[in-house]
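J.: Return a 3D structure for these sequence lines:
(2 chains)
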Amino acid sequence: MVANSFTSVFSMKKYFLHILLFFFLVVLMDYGFGKLCSYAVRHAKGGETHPLQYVAYDCDKDIVILGSSRAIHHYDDKLIEDSLGISTYNAGMDGQGIISMYARYKLLAQHHLPKLIVYDVEPLFDYYEYNDAEGTRYTAHLKVLADNPDVYHIITDVIPSEKLKLKSNLYRYNIVWISNISDWLLRSSDSDFGFQPLYGEMKVPNTAGGQSNLKVDTVKQSYLNRLIAEAKKDGVKLVFIASPKYDADSKTLEPIKALCESNDIVFWDYTNIEKYNRLNMFKEPMHLNYSGAELFSTEIAGRLAGQYDSLK
Amino acid sequence: MSFTSFNFWLIFPFIFVFYWAIPAKWNTLRKVLLLVVSYLLYMNWKPVYALVLLGVTLITFWSGKLFEDKENKKKRLVWPLTMLGILPLLFFKYYNFLNDSISACFASIGLQFALPGLNWAIPVGISFFTFQAVGYMLDVYHGRVKAEKDLLDYLLFVSFFPQVMSGPISKADELLPQIKNPHKFDYEQGKQGLKWLLWGMFIKLVIADRLDLFVDTVYANYIHYSGSTCFVASIFYTIQIYCDFAGYSLMAIGIAATLGFNLINNFKRPYLATSITDFWRRWHISLTRWLTQYVYISLGGSRCSKARTYWNIFVTFLVSGIWHGANWTFIVWGCMHGVLQIVEKALGWQKYEGHNWAIKAIRICVTFLLVNFAWVFFRMPSIGDALGIMTRIFTTTGMPDISDLGNTSILILLFSGIILIYKDLKDEYFANRCAFLSEPLIRWAAYLILFFMIIACGVLDGGQFIYVSF
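T.: Reported below is the predicted structural model:
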């Protein structure tokens, strides 16, 4: 009996020691991994890592475009720059919305204040509740810059439980470490333009449609208000644009339009403009193809020139 | 609370420490702790549904006591009491399905009939704990076990947190003695538990959840993908469901082992089966055991005419299909497996005991493909969609395209897939020939690599998704 108890206590002690040793090794691995990845992020030359790194450290363009995939695939920043003679960068990102774009604005503002932010609005990502896993969709790619106090605050504001998890570098660089390291080691320098054209045409009419029974996401709503307030405070001009969708309705834009009106911000609604409602302009209902984007970017450049003469 | 959630892993170390801090001689206190923890974790999903768990537990406990009475009169209550035990399962899981099916039936002949629909969530794990509890009740009825007198032990038996939500389904004579026995900490058992936990998390978070990103995208929009891409998605789903279910099961078994409990291993390399019959000896072993004992054998098993045996097999797998979900697709899936096994039995193809590797490989591949196509029905929301995918696979041309996954995911899946295939092949065919893997340095390196893969490559949040627009 005594021998059994002794064996059991000894077993438990051995067990705990081995667990402690394991986690000690994990902590070492985590530390080294974090150092490697943070270096990779800072020195990424292209690929998926470069845009966030560029916005965070190097971007000094006067016009910055923010928004979801509809931003990055619709606005040819080089065309706009050449047309206006004002440096332009497209910092949009697939599947992202106001929470991550607000973070990009904060990162940018730490080292450079652009003259104008062009924000391409997508109501599902910027205002309403959507299938976005309680906000993790918008904060996941920001974790690599969680050492930045503004970014850390945004992530933990949206998901408080991230406070503890962000202590782990393995967690911070979850999944992105592969592209971070390859973008550092294997990529050649990317251009300082973010536009990503889409190719292909819709063959069959298929509507982008509209959504009903949408609930306002109060977190997104608050970040939209914050972006407006901070841009105003920083003296950065804002223009909100709803770029073309194929055969869609714009009812969901009404609250955002009202918000812009109350804050004296320009809002251009291109959701249902006949000129763009053509199959050969779209890759699929939500995204213009390259031809559509060029036509749209040219029009936007012209309107910006007329609206913001003071930028030059 | 899911075993893959961060909050669970904040809590579990405390459960572990408090449990083992209680001396073995105070086993009752240990049981109370586990019971409280089990119910609190269950209530984390939806508190009121703990009443369903409690209700099924009390009904079956009381029924067990009733059946031990030697009077035959009380034994005649077995059917009504069994129905009472499974009533919550029938109500929560199948009410809407039955209502919709009956309404559709009436509508097809021009009649309008529909009861109000239920917009209630299904109590988590109801299929598992109901079968476990009813299994105990039937074991008492058949005299296989004595009725449990200690309510505390029985409450814990049904609600034991590692297994209540997703199994494995334990038998009373397996788990109850372990609950009663004041066991001491066993280093080897605890170590094995952690190893199962690690492996389970790896295959669930790194492989299953990553494959799900692609499968979800393709299956939701299959008309936009080529037949070969749909076929690749079906293969991915076959691997996904194995890694998901086996992974979670292993985590449950691992957690139980760290607390000194041995649960039945639910999976035994099912995709190395040489027949559908063999597949069901390796897949969800605890459910197969339950269905064999309480459905197949109760109907007569194979101790009757061939026709009757075939009928018994068919009914058993019909019940299996119904158990898995409230949709005609699950019923079709179950029936497919039943029919395939009947064909195997009729042709004498249930087992292969030869040593011809080529024949074995062919049988494994054919079995895999049959199971793979059956899973299409399991996964799709309707029979129409399942047939749509199958039609697409066999009639639409085009190269397979997995680019939606992204290069990073493809790389991770390739690396993880190699590890998975190696481990399963090793465990099946070469377990005794890999002594070098037991070297401490190799073992510890493997543990660290798995841990690294889980945290650095696992799908840990909703931030990973395939962005497509159709």
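J.: quick one: the lowest-mean-pLDDT helix or strand in chain A to chain centroid distance?
T.: Evaluated with mean pLDDT, DSSP states H and E, the helix-and-strand set of chain A has its lowest mean pLDDT in helix A:136-139, which scores a mean of 84. Computed by CA atoms, centre = their mean, to the nearest Å, the chain-centroid distance of helix A:136-139 equals 9 Å.
J.: quick one: it near chain B?
T.: Yes: Helix A:136-139 comes into contact with chain B (CB under 8 Å from any CB of the partner chain), by way of A:Thr136, A:Arg137, A:Tyr138, A:Thr139. Where C-beta positions appear, they are placed from N, C-alpha and C, glycine not excepted.
J.: what's the next secondary structure element after the longest helix anywhere in chain A?
T.: Longest helix in chain A, counting residues (DSSP state H): helix A:2-42. Using DSSP states H and E, the next helix or strand after helix A:2-42 towards the C-terminus is helix A:49-53.
J.: Which strands and helices lie in contact with that following helix?
T.: For helix A:49-53, the packing partners by 3 or more CB pairs under 8 Å, 6 or more residues apart in numbering or on different chains; DSSP states H and E come out as helix A:2-42, helix A:176-185.
J.: model confidence over it, on average?
T.: The average of the pLDDT scores along helix A:49-53 is 88.
J.: Give the buried residues for that helix.
T.: A:Thr49, A:His50, A:Pro51, A:Leu52, A:Gln53 (16 or more other CB atoms under 10 Å in any protein chain shown).
J.: nearest to chain B, of the helices and strands packed on helix A:49-53?
T.: Closest to chain B of the helices and strands packed on helix A:49-53, according to CB to the nearest CB: helix A:2-42, at 3.8 Å.
J.: Show me what from the stretch 201-312 of chain A comes close to chain B.
T.: So the stretch 201-312 of chain A meets chain B at A:Asn206, A:Glu284, A:Pro285, A:Met286, A:His287 (CB under 8 Å from any CB).
J.: Can you give me the pLDDT of the last one?
T.: It refers to A:His287. 93.
J.: from the middle of its chain, how far away would stretch B:312-320 be?
T.: The answer for stretch B:312-320 is 17 Å, by CA atoms, centre = their mean.
J.: average model confidence for that stretch?
T.: pLDDT averaged over stretch B:312-320 gives 96.
J.: same question, stretch A:167-174
T.: 94.
J.: what does stretch B:291-308 give?
T.: Per-residue scores along stretch B:291-308 average to 92.
J.: re the thing from before, hey, which of the helices and strands packed on helix A:49-53 is tucked in deepest?
T.: helix A:176-185 (a mean of 20; mean count of other CB atoms under 10 Å in any protein chain shown).
J.: Contacts (any at all) between chain B and that helix?
T.: Yes: with CB under 8 Å from any CB as the threshold, helix A:176-185 lies in contact with chain B, specifically through A:Val176, A:Trp177, A:Ile178, A:Ser179.
J.: And those, which is closest to B:Ser305?
T.: A:Ile178 (60.1 Å; CB to CB).
J.: Surely that closest one touches B:Leu411?
T.: Yes: proximity of A:Ile178 to B:Leu411 meets the contact threshold set by CB atoms under 8 Å, at 6.4 Å.
J.: okay, now whichever residue of the stretch 201-312 of chain A sits closest to chain B: neighbour count?
T.: Distances between the stretch 201-312 of chain A and chain B by CB to the nearest CB are smallest at A:Met286, namely 4.5 Å. A:Met286 has 22 neighbours, counted by other CB atoms under 10 Å in any protein chain shown.
J.: And it, how far from A:His73?
T.: 9 Å (CB to CB, to the nearest Å).
J.: Using neighbour counts, pick out the buried residues of stretch A:227-236.
T.: Those would be A:Leu227, A:Ile228, A:Ala231, A:Val236, for stretch A:227-236 by 16+ other CB under 10 Å.
J.: check contacts around B:Phe267.
T.: B:Tyr242, B:Phe245, B:Ala246, B:Ser249, B:Leu250, B:Arg282, B:Trp283, B:His284, B:Ile285 (CB atoms under 8 Å, 6 or more residues apart in numbering or on different chains).
J.: now swap in A:Gly92 and tell me
T.: A:Gly92 neighbours (CB under 8 Å, 6+ apart): A:Ile65, A:Leu66, A:Gly67, A:Ser68, A:Ser69, A:Arg70, A:Ala71, A:Ile72, A:His73, A:Tyr75, A:Asp120, A:Gly194.
J.: In CSV: those, plus distance to B:Leu211.
T.: Formatted as CSV, the contacts of A:Gly92 follow (distance: CB to CB, whole Å):
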residue, distance to B:Leu211
A:Ile65, 35
A:Leu66, 33
A:Gly67, 31
A:Ser68, 26
A:Ser69, 24
A:Arg70, 29
A:Ala71, 30
A:Ile72, 27
A:His73, 27
A:Tyr75, 35
A:Asp120, 33
A:Gly194, 31
